[in-house]
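Asker: Can you look at this prediction? I've put the sequence above it.
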Amino acid sequence: MTLAPIDWIIIAVYLAVCLFAGLWMRRFVRGVEDFAVAGREMDVNVGIASLAATELGLVTVMYTAQLGYDKGFAGTMIGVIMALAMYGVGRTGFVIGPMRAAGVMTVPELFQKRFGARVRWLAGLFVVLGGVLNMGIFLRVGGEFLVHTTGISANYLEWIMTGLLGLVLLYTVLGGMLSVLVTDYLQFLIMGLGIVITSIWVIADVGWTALTKDLLAHWESSAKAGGAAMPHPFNPFHPTSLGWGYILWQMLFQVAVCTTWQTQISRVLAAKDEATAKRMYRRSAFYFVGRFLLPGLWGVAALVHFKFGAALPPGTDSLTAMPAYLGQLLPAGIIGILIAAMLAAEMSTDSGYLLTWATVIYNDLLMPCLKRPLSPRARLVTTRSLVVLIGLFLVFYGLWYELKGNTWDYLAVTGNIYLASVFTLLVAALYWPRANATGALAALVLGAVGPLTFLIVNARADKAHQIAPEVAGASAFALAFLGMIVGSLVTAAPKPSASPKSSP
């Protein structure tokens, strides 16, 4: 193992402080609204920290570093697209403004007034399916980071990640969104410190000039050699890199994420008002460039350090090259800060996601099926129980699922199970008076075809016969749009009084 006593002390102190802060907030939880959306009293600064912490998980660091290793700095183009989408939505209030004004707790809840209870329930089902499958690999990927950074035996991966999830469940179940917001704030500070220090250390090790020259020289030599060329390390539009098709899919995908991804929208719905939600998006937008750039830098440095794959340690691949490199590079104390930062990233993301999907299950799958509403205490107990059940599912699914291909592609495509269709429903519900329930149902079903086919086929097929992620993603949006337009036009128009502006 590479951890010294000082590293263990740093990690233990961080975990203790985070657990104490999370448990302390449980006293302020009086009902489901406090538990799920923090009483809708979140201000801009807390919202920025919470949004940044939740959307920068350990899995995020791993897949952005893998993009750096596989695509060079061209992989950070996804972060640029994400930042522009966030800023544009925050500037215009597109979708998020009416969403916050509606006073709902989840995205599917908005659909009941406009499209009816069936659409709300089916939308909730797809949101949960896409969200939980998306979260399914978090534990495995996070465990791989710890194993390759610290030198801990891979035999302990499942036990370590199960224990970490247990800590997250403890304060999330008791404190809900209030605990998530407070711990996210602490985790945001620790993550920022660890990421900046590590990035400085990496640049000092490889040197910026040497790094860029080596990348370009290796690309030029591989291109001259013929055969399968290395992706262009700086030009994402180059045919060997991401390419125009992938980038166009990402442009649409990132707008859908900003307006539809429930873990982000939960911060919008917890904000004090519509103006607070828009400011939160604008001010946190360009943070997402750094979210891709700095871990991507670590992946690029690992690529150069390991001689473009020729000197990779046994059992290491493009996903685990970065933690293997940092485990060799960082000294005692610094690696402890990094591990604490990455645990912070894992915990903040896990807690936010657990709470989000549990809230959707309760609010949009269970509540519409009940003949009589539950008591406030029963509602709170039910939501807490759902958090635990999702955690148990993640332990089993997340630690035995065999991931094939690029981690980012898996996350983007599983998210697309509902992003494409629910984004279509949101835009239609808010901005197209002709949209109706038939079109909404058709969009939900057709929008999931591409992503689910991708998961089923790619889990069994070899690399040569796998479906490209941009094909699965773009087809999801195309089929969802087609279903909404055709389904709405061939059936009766909705009544003029139907409006999504008020809560159902």
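Answerer: All right, it came through fine.

Asker: Which SSE is immediately downstream of the lengthiest helix in the chain?
Answerer: Longest helix in the chain, counting residues (DSSP state H): helix 157-206. Remark: after helix 157-206, the chain's next helix or strand is helix 208-225, criterion DSSP states H and E.

Asker: I figured residue 455 hits residue 414, correct?
Answerer: Yes. The pair residue 455 and residue 414 passes the contact test of C-beta atoms under 8 Å, sitting 6.9 Å apart. Glycine gets a C-beta too; all of them are placed from N, C-alpha and C.

Asker: Looking at the two, which is more packed in?
Answerer: More crowded of residue 455 and residue 414, by other C-beta atoms under 10 Å: residue 414, with 23 against 15.

Asker: Was I right to think the more buried one contacts residue 132?
Answerer: No. Assessed by C-beta under 8 Å, residue 414 is found out of contact with residue 132, at 9.1 Å.

Asker: Quick check, residue 341 in contact with residue 190.
Answerer: Yes. If you go by C-beta under 8 Å, residue 341 and residue 190 touch, sitting 5.2 Å apart.

Asker: Distance of the closest residue to residue 417 other than its chain neighbours relative to residue 327?
Answerer: Leaving aside its sequence neighbours, residue 417 sits nearest to residue 130 (C-beta to C-beta, 6 or more residues apart in numbering; 3.5 Å). According to C-beta to C-beta, to the nearest Å, residue 130 and residue 327 sit 34 Å apart.

Asker: neighbour count winner among these two?
Answerer: The neighbour count for residue 130 versus residue 327, taken as other C-beta under 10 Å, is higher for residue 130 (27 against 21).

Asker: mind listing what that one touches?
Answerer: 414-419, 448, 451 (C-beta atoms under 8 Å, 6 or more residues apart in numbering).

Asker: Which secondary structure element of the protein has the lowest mean pLDDT?
Answerer: Using mean pLDDT, DSSP states H and E, the weakest-scoring helix or strand in the chain turns out to be helix 32-37, at a mean of 51.

Asker: Give me the buried positions along stretch 111-124.
Answerer: 111-116, 119-124 (16 or more other C-beta atoms under 10 Å).

Asker: thought residue 340 was touching residue 11?
Answerer: Yes. Residue 340 is within contact range of residue 11, at 5.2 Å (criterion: C-beta under 8 Å).

Asker: neighbour count winner among the two?
Answerer: Between residue 340 and residue 11, residue 340 has the larger neighbour count (other C-beta under 10 Å), namely 23 against 19.

Asker: Which of the helices or strands spans that one?
Answerer: helix 334-360.

Asker: Please work out the angle formed by the directions of that helix and helix 157-206.
Answerer: 130 degrees (axes from the mean of the first three to the mean of the last three C-alpha atoms, to 10 degrees).

Asker: buried ones in the next helix or strand after helix 334-360?
Answerer: Sequence-wise, the next helix or strand downstream of helix 334-360 (DSSP H and E) is helix 376-400. Within helix 376-400, the residues that qualify as buried are 379-380, 382-384, 386-387, 390-391, 394, 397-399, counting by 16+ other C-beta under 10 Å.

Asker: which two from the residues you listed end up farthest apart in space?
Answerer: 379 and 399 (31.0 Å; C-beta to C-beta).

Asker: now residue 140: how far from residue 455?
Answerer: Relative to residue 455, and taking C-beta to C-beta, residue 140 is found at 16 Å.

Asker: any residues touching stretch 360-372, and which ones?
Answerer: 32, 36, 105-109, 112, 117, 120-121, 123-125, 127-128, 131, 262, 373, 379, 382-383, 386, 390.

Asker: Swap in 6 Å and give it another go.
Answerer: 105-106, 108-109, 117, 120-121, 124, 127-128, 382-383, 386 (C-beta atoms under 6 Å, 6 or more residues apart in numbering).

Asker: Pick the one among those residues closest to residue 323.
Answerer: Using C-beta to C-beta, the contacts of stretch 360-372 come closest to residue 323 at residue 128, 30.8 Å.

Asker: Contact partners for that closest one?
Answerer: So residue 128 contacts 357, 360-361 (C-beta under 6 Å, 6+ apart).

Asker: In the stretch 401-504 of the chain, where is pLDDT below threshold?
Answerer: 401-405, 459, 461, 464, 496-504 (pLDDT under 70).

Asker: Please enumerate the helices of it.
Answerer: Counting by DSSP state H, counting those that start in this stretch, the stretch 401-504 of the chain has these helices, from start to end: 407-431, 437-447, 449-460, 469-489.

Asker: Let me have those in TSV, adding distance to residue 244 as columns.
Answerer: Converted to TSV, the helices of the stretch 401-504 of the chain look like this (distance: least, C-beta to C-beta, whole Å):
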stretch	distance to residue 244
helix 407-431	17
helix 437-447	23
helix 449-460	19
helix 469-489	10
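
Asker: Can you give me the distance of residue 489 to residue 149?
Answerer: Taking C-beta to C-beta, one finds residue 489 at 55 Å from residue 149.

Asker: ok, those two, which is more surrounded?
Answerer: Using other C-beta under 10 Å, the more surrounded residue of residue 489 and residue 149 is residue 149, with 23 against 13.

Asker: I figured that one hits residue 323, correct?
Answerer: Yes. Using C-beta atoms under 6 Å, residue 149 makes contact with residue 323 at a distance of 4.1 Å.

Asker: Would you mind listing the two of the contacts of residue 130 that lie farthest apart?
Answerer: 415 and 448, at 11.5 Å, using C-beta to C-beta across those.

Asker: ok, and the closest non-adjacent residue to the spatially most central residue of the chain?
Answerer: In the chain, the residue lying closest to the centroid (C-alpha atoms, centre = their mean) is residue 55, at 5.4 Å. Spatial nearest neighbour of residue 55, chain neighbours left out: residue 264 (6.8 Å); criterion: C-beta to C-beta, 6+ apart.

Asker: now do residue 397
Answerer: residue 136 (4.8 Å).

Asker: Can you show me the helices along the stretch 201-350 of the chain?
Answerer: Using DSSP H, counting those that start in this stretch, helices in the stretch 201-350 of the chain cover 208-225, 243-260, 262-270, 274-284, 287-305, 321-329, 334-360.

Asker: what about these, which gets the closest to residue 478?
Answerer: Between residue 478 and the helices of the stretch 201-350 of the chain, the shortest gap by C-beta to C-beta is with helix 243-260, which sits at 9.9 Å.

Asker: That closest one versus helix 469-489: what angle between them?
Answerer: Using the same axes, to 10 degrees, helix 243-260 lies at 50 degrees relative to helix 469-489.

Asker: picking that back up, for residue 341 and residue 190, indicate the residue with more neighbours.
Answerer: Neighbours around residue 341 and residue 190, counted as other C-beta under 10 Å, are more numerous at residue 341. The numbers are 26 against 23.
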